[in-house]
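Have a look; sequence and predicted model below, questions after that.
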Amino acid sequence: MTTDNNQPAAITTHLNPAGIFTVTLNRPAVHNAFDDAIIADLTRAFEQAGELPGAKVLVLAAEGKSFSAGADLSWMQRMAGYSYQQNLTDASALAGMLKTLYELPIPTIARVQGAAFGGAVGLVSCCDVAVATEKASFCLSEVKIGLIPATISPYVIGAIGARAAKRYFVTAERFSAETAHRLGLVSDVVDASQLDATIDQIAQAIMANSPAAVKAAKKLILDVENKVIDQPLIDDTSERIASIRVSPEGQEGLAAFLEKRSPSWLSGTRS
């Protein structure tokens, strides 16, 4: 990850024995602002999470008082002198990172302990679950400096809806964790002392389930969302349930349920 001989890594990763893969923004001195190098690091970290056999849940976290201030000032200064083509390449890298996180096969949880501004709201929106402290705050601040939240917009609109986006995209108002919860951006708002315990509880609930079924359920949402309920969609969903019923974990899960015993994935074995 991004580092040199004198600086700590800007992004750190850790896979614990239970299968929780934590990706941590590690630039607290600049409120975890990110630039093109950190976007590349995040992309690699998310790709790694999707490829590791032992990774069952990804937690996106940050060190320090802020989750992320969004774009780094020095990066913005460089972008100011970019050509259209350079800007397009730059934006495409950010869009690719967001898509990688959004489409990750394992469930993702955002750990929001402080302010999340600009592109950081996109990161939160891309996660399947977001838990924030009561002191967390959010702002889609792009229009304040003559820009728009373009690459993050599909994910933010998906999280909070077009109506709320119409307000916060154009006002750049700062809003609270409670408002973020009401809008659907945040799943839970908790006291800071309960943040990690709440995330662990959610992660444990996920990991108690069939790993194959969890991945299939997440892909089901990505594939079915906003689709017209027509015969092809009905056929597709019917085929999915038929396939998973006869899969190894589907058979093991049904057998365990009928036999009133724990399924094999809870003991770390496979049938």
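Great, that's in hand.

okay, now Leu195: neighbour count?
Close neighbours of Leu195, defined as other C-beta atoms under 10 Å, add up to 21. In short, each C-beta sits where N, CA and C put it, glycine included.

same thing with the one 4 residues further on?
Burial of Ile199 is recorded as 23 neighbouring residues (other C-beta under 10 Å).

cool, Leu222 as well?
10.

Report the contact partners of it.
Glu103 (C-beta atoms under 8 Å, 6 or more residues apart in numbering).

Helix or strand for it, just tell me which one.
helix 211-224 (DSSP states H and E).

List the buried residues of that helix.
By neighbour count with 16 or more other C-beta atoms under 10 Å, helix 211-224 contains the buried residues 211-216, 218, 220.

Would you mind putting those residues into a markdown table with distance to Phe21 alongside?
Shown next, in a markdown table, are the buried residues of helix 211-224 (distance: C-beta to C-beta, whole Å):
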| residue | distance to Phe21 |
| --- | --- |
| Pro211 | 13 |
| Ala212 | 18 |
| Ala213 | 19 |
| Val214 | 14 |
| Lys215 | 14 |
| Ala216 | 19 |
| Lys218 | 15 |
| Leu220 | 22 |
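
now the stretch 51-200 of the chain, which segments are flagged as low pLDDT?
Of all residues in the stretch 51-200 of the chain, none has pLDDT under 70.

That one: strands as residue ranges?
Using DSSP state E, counting those that start in this stretch, the strands of the stretch 51-200 of the chain run over 57-62, 108-112, 115-117, 129-133, 137-139, 174-176, 188-190.

that older thread, now the angle between strand 108-112 and the helix holding Leu222, please.
On the basis of axes from the mean of the first three to the mean of the last three C-alpha atoms, to 10 degrees, helix 211-224 is oriented at 80 degrees to strand 108-112.

model confidence over helix 211-224, on average?
Averaged across helix 211-224, pLDDT comes to 94.

That one: what's the following helix or strand?
helix 231-245.

Any chance of the strands of the stretch 51-200 of the chain in TSV with distance to Lys227 and mean neighbour count as columns?
Below are these laid out as TSV (distance: least, C-beta to C-beta, whole Å; neighbours: other C-beta atoms under 10 Å):
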stretch	distance to Lys227	mean neighbour count
strand 57-62	26	25
strand 108-112	22	26
strand 115-117	30	25
strand 129-133	23	25
strand 137-139	29	22
strand 174-176	31	17
strand 188-190	28	18
